[in-house]
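Undergrad: return atomic coordinates for the entry below.
(2 chains)
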Amino acid sequence: MQQLYSCRNCIHNPGQSLSLGQGQGYCLKHESVLIDPVDTTCKYHHRKDLPNFVTDEGRREHAAEFAEFPALVSLRCEPRKKTAYSEKHYWQTRRFDPLNNALARYHKSGAHWIFIQTFAGNPDARHALVHGSMVRRYMDHCGTWTSSYRMVLALVQDLMRPIHIESGDLHGPDPTGDSARWDVFFTKLSGLQEYGFHAGVSELMWASDGLGEGLSGLNWGLLNEELQTAGPRWIDQIIAHAVENDGFFPPGAEEAAE
Amino acid sequence: MQDSSALEYFRGDQADGISPPDLSKDVGYVDHIVKARGKRTQFTSVSRDRAKIRDFGEQLYKLRSLEVVGDGHQLVEHEALMAELRRVVQSSERAERLKAIQAARYAEARVEGLVRWSFDIGGVPPKNLLTWASGKVRPYFTKA
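TA: A predicted model of the protein is given here:
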C-alpha cells in the first residue's frame, strides 16, 4: 500500500490523511503546496498512522530509496517542483482552504508552540488532525519531552472528546467518515506514544495497550468509554513524570504564556 | 477442486506489468500490510474488489488463482487473512498488537488477500532478484 508512504500519511502535511482533506495539501517541511499528495513523498516522510519507533525499518528504507532527491518527488521517483502558496490564486480559482492558508503562514508566525496550541480543543476532524500532526512535528524537531508536555496534555484531553466530520472534507471511498475518524484518532494516539518514547515512560509509549476491545475491535463507541478511563490516567502520568523531573511549569513558564 | 469464482482476485498496477515482490524479504502478514519493514516483501497484495486495490497503478489485472495454487504458491484468501490478523491482535501486545490493529483495518477496507510466492531463489544474484521476480510473477496475472 504505497499510499502509506505518501504525503497524505505524513505529519509534515498536517491538513490531510488517507481519508480526510480533499484536493491539494501543504507541506511544512518543504514549504510547498502539494498538488498531488497521494502520489508525492520525500526522504523525510514521518507516518501519521503509527508511532515513528514502530515503523523504523520501513522509514529508513524509504529514506534511502529517495535519498538522492533533495525535495519532493513522486512515488515513482519523478522530481516534483516546489510550488509556493498563493492565497490570491486559491480565491481566484474558488478553492480557498482556510487550513492550508493557516499552515502556509506557520513559518512566519512568532512562537510556533502558540500557533500549534490554537488548534487544540477544536472538534472539527481536520483541525484535530492538524493539531495532532503539528504537535508530533514539534516534538520530533525538539527531540525531548520537556518542550512538548503541555501540548501533549491538550492532545490527550482532545482524545477524550467527540470528533465532528464534515462530509465535504472526506477523501476516498468511505462515505461514512469512519476511516477519517480513525485517521484522526491514530494520529493523536501515535503522538502520545511518541511522547512516551521521548519521556521514557513505558505506559505512555505503549498507551495502545491501555485500551481494550474498543481499540482491538475498532469499535468507536466502546473505545470512547475506554478513553474516559485511560485519558485521565495518561494525564496523571504525564504530569507526575514532569513533576518528578522538575519540568512541570518551572519558574517563568506560566509568565511566558501570558 | 476449488470453485474458481471464490478465488477471484485483482490488483491495480503499472501498465507495463505487476510490480515485483522482494523475495528476499521474509516478513509476516502484519508487517507486509502496514509496510513497517519496507514497501516490498515476499508477498503480493491482491483484492476481492477490483476497485479497491489500485494503489500501484490504473491498469487492472486479474490473478490467475488456480495456476498460482496449482504451481505450489499460496493464496491467502481474504477471510483467512482477516482471521489471522484478528488472532494476532488478540494474542499480542505493544508494537505487534498496534500494527496488527492497523493491518486489520487496512486489509478489511481493501478486501485484501495475499500471494506468498514459493520460487526457488537459490543461485539468483541479490542484485538481480527484483528483475528475476518480475519475470516470474507476471505470467500469473492477466489484464482485466
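Undergrad: mind listing the helices for chain B?
TA: B:29-34, B:65-70, B:78-91, B:94-109, B:129-137 (DSSP state H).
Undergrad: chain A contacts on chain B?
TA: B:33-39, B:45, B:51-52, B:55-56, B:89-90, B:93-95, B:97-99, B:101-102, B:104-106, B:109-110 (C-beta under 8 Å from any C-beta of the partner chain). Just so you know, the C-beta spots here come from the backbone N, C-alpha and C atoms, and that holds for glycine as well.
Undergrad: list the contacts for the residue of the stretch 51-200 of chain A found nearest chain B?
TA: Relative to chain B, the nearest point of the stretch 51-200 of chain A is residue A:61 (4.1 Å; C-beta to the nearest C-beta). With contacts defined as C-beta atoms under 8 Å, 6 or more residues apart in numbering or on different chains, the neighbours of residue A:61 are B:37, B:38, B:39.
Undergrad: now do the SS call for it.
TA: helix (DSSP: H, G, I helix; E, B strand; the rest coil).
Undergrad: so where's the stretch 1-150 of chain A shaky on pLDDT?
TA: Low-confidence segments of the stretch 1-150 of chain A (pLDDT under 70): A:1.
Undergrad: was I right to think residue A:82 contacts residue A:42?
TA: No. Contact criterion C-beta atoms under 8 Å: residue A:82 and residue A:42 do not qualify, at 11.1 Å.
Undergrad: dihedrals phi and psi, residue A:164?
TA: phi -110, psi 130 (degrees, to the nearest 10).
Undergrad: tell me who's in contact with it.
TA: With C-beta under 8 Å, 6+ apart, residue A:164 has these contacts: A:123, A:124, A:125.
Undergrad: most neighbours of all those residues, which one?
TA: residue A:125 (24 neighbours; other C-beta atoms under 10 Å in any protein chain shown).
Undergrad: tell me how far that residue lies from residue A:197.
TA: 26 Å (C-beta to C-beta, to the nearest Å).
Undergrad: before we move on, the earlier item: which neighbours do residue A:82 and residue A:42 share?
TA: With C-beta under 8 Å, 6+ apart as the test, residue A:82 and residue A:42 both reach A:30, A:71, A:72.
Undergrad: closest to residue A:157 out of these?
TA: Nearest to residue A:157 among these: residue A:30, at 31.4 Å, using C-beta to C-beta.
Undergrad: in three-state terms, label the closest one for me.
TA: Criterion first, three-state DSSP; result for residue A:30: coil.
Undergrad: excluding covalently adjacent residues, which one is nearest to residue A:19?
TA: Closest residue to residue A:19 apart from its sequence neighbours, by C-beta to C-beta, 6 or more residues apart in numbering or on different chains: residue A:179 at 3.8 Å.
Undergrad: contacts only, for the closest residue to residue B:40 other than its chain neighbours.
TA: The shortest distance from residue B:40 to any non-neighbouring residue, by C-beta to C-beta, 6+ apart, is to residue B:22 (3.8 Å). By C-beta under 8 Å, 6+ apart, the contact list for residue B:22 reads B:38, B:40, B:41, B:42, B:129, B:130, B:133.
Undergrad: for chain A, state which of these is nearest.
TA: residue B:38 (4.1 Å).
Undergrad: what is the burial count for that closest one?
TA: 21.
Undergrad: report the contact partners of it.
TA: Contact analysis of residue B:38 by C-beta under 8 Å, 6+ apart lists A:57, A:58, A:61, A:62, B:22, B:25.
Undergrad: next, format these as JSON lines and append distance to residue A:161.
TA: Below are the contacts of residue B:38 laid out as JSON lines (distance: C-beta to C-beta, whole Å):
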{"residue": "A:57", "distance to residue A:161": "34"}
{"residue": "A:58", "distance to residue A:161": "31"}
{"residue": "A:61", "distance to residue A:161": "37"}
{"residue": "A:62", "distance to residue A:161": "33"}
{"residue": "B:22", "distance to residue A:161": "43"}
{"residue": "B:25", "distance to residue A:161": "41"}
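Undergrad: what is the nearest of these to residue B:62?
TA: For the contacts of residue B:38, the nearest to residue B:62 is residue B:22 (22.9 Å; C-beta to C-beta).
Undergrad: next, give phi and psi for the closest one.
TA: Dihedral angles (degrees, to the nearest 10) for residue B:22: phi -100, psi 100.
Undergrad: distance check, it against residue A:248.
TA: From residue B:22 across to residue A:248, the span is 47 Å (C-beta to C-beta).
Undergrad: same check on residue A:212?
TA: Distance of residue A:212 to residue A:248, computed by C-beta to C-beta: 30 Å.
Undergrad: next one: residue B:29
TA: 43 Å.
Undergrad: who has more neighbours out of these two?
TA: More crowded of residue B:29 and residue A:248, by other C-beta under 10 Å: residue B:29, with 23 against 16.
Undergrad: quick check: that one touching residue B:103?
TA: Yes. Here residue B:29 reaches residue B:103: they are 6.8 Å apart, a contact under C-beta under 8 Å.
Undergrad: common neighbours of the two, please.
TA: B:85, B:88.
Undergrad: where exactly do the helices run in the stretch 51-200 of chain A?
TA: Listed in chain order, the helices of the stretch 51-200 of chain A (DSSP state H, counting those that start in this stretch) span A:56-65, A:87-92, A:98-103, A:112-117, A:125-142, A:149-159, A:178-199.
Undergrad: check the offset of the longest one from the chain's centre.
TA: Meaning helix A:178-199. Helix A:178-199 sits 7 Å away from the centroid of its parent chain (C-alpha atoms, centre = their mean, to the nearest Å).
Undergrad: by how many degrees do it and helix A:149-159 diverge?
TA: Relative orientation of helix A:178-199 versus helix A:149-159 (axes from the mean of the first three to the mean of the last three C-alpha atoms, to 10 degrees): 150 degrees.
Undergrad: downstream of helix A:178-199, the next helix or strand is which one?
TA: helix A:202-205 (DSSP states H and E).
Undergrad: centre of the chain to that following helix, how far?
TA: For helix A:202-205 - counting by C-alpha atoms, centre = their mean - the centre lies 19 Å from the chain centre.
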